[in-house]
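A.B. asks: Sequence first, then the predicted structure:
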Amino acid sequence: MTNKLRVGYIPVTSEIISQIKFHQKRTGVGPQKLLRAKRDSLPNGLSSSVIYNWINGKSTTAKEEFLQYVIRQYKALPNASREKKSNKSYKEDLSTIPEKDWQRLKKIHELTGILPSKLFQICDCPYDFLSPQIVSNWLRDKNYKAKPEYVEWVLINSTSILKKAIEI
């Protein structure tokens, strides 16, 4: 017994999956970001979940129109910037946050709510690998390791914001 494809559908082959993954890596753009800006021109029924199902092997067929649209959108995107390459030395020089600094971070967070996301909304962070999520991890885990210069930046800037708020 042969499985017939519905009209307008094609098999999602390993070559198609490889092509989509190649474009994701080349552009640095995942399915959600790819479709987010195109909401007005999306084929009806196409969503990032549909694309993820192709990639994860959950869907073995796809509307040909959807696949063509996704590939066309990816091909139109430029290559990802190589300036923000992952820093292989990121994990070097990590140390446990000193107790005094960790207590200051916790106190600032508890009293003001500045940390972590508000800090990054107010201040331009000079470090590619420092984010609100990382600061949240510091606050949750007393033994979390961090680069001392990251902790210093967070403390200096959150203290500055706190002082400015008090002056108002």
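C.D. replies: Received the coordinates, thanks. Numbering: from 1, shown residues only.
A.B. asks: what about this protein, any weak spots by pLDDT?
C.D. replies: By pLDDT under 70, the low-scoring segments of the chain are 1-3, 82-90, 168.
A.B. asks: domains of it?
C.D. replies: 9-76, 95-162 (automatic domain parsing).
A.B. asks: Rebuild the ones you listed as TSV, extending it with mean neighbour count.
C.D. replies: For the C-beta atoms, the positions are set from N, CA and C on the backbone; glycine is no exception. Shown next, in TSV, are the domains of the chain (neighbours: other CB atoms under 10 Å):
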stretch	mean neighbour count
domain 9-76	14
domain 95-162	15
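A.B. asks: right, and W102 touches R140 too?
C.D. replies: No. With contacts counted by CB atoms under 8 Å, W102 stays clear of R140, the gap being 11.0 Å.
A.B. asks: Now do the shared contacts for those two.
C.D. replies: Shared contacts of W102 and R140 (CB atoms under 8 Å, 6 or more residues apart in numbering): none.
A.B. asks: Find the nearest non-adjacent residue to P11, please.
C.D. replies: T61 (5.8 Å; CB to CB, 6 or more residues apart in numbering).
A.B. asks: cool, and S136?
C.D. replies: The nearest residue in space to S136 (CB to CB, 6+ apart) is P116, at 5.2 Å.
A.B. asks: so how far is T159 from that neighbour?
C.D. replies: 14 Å (CB to CB, to the nearest Å).
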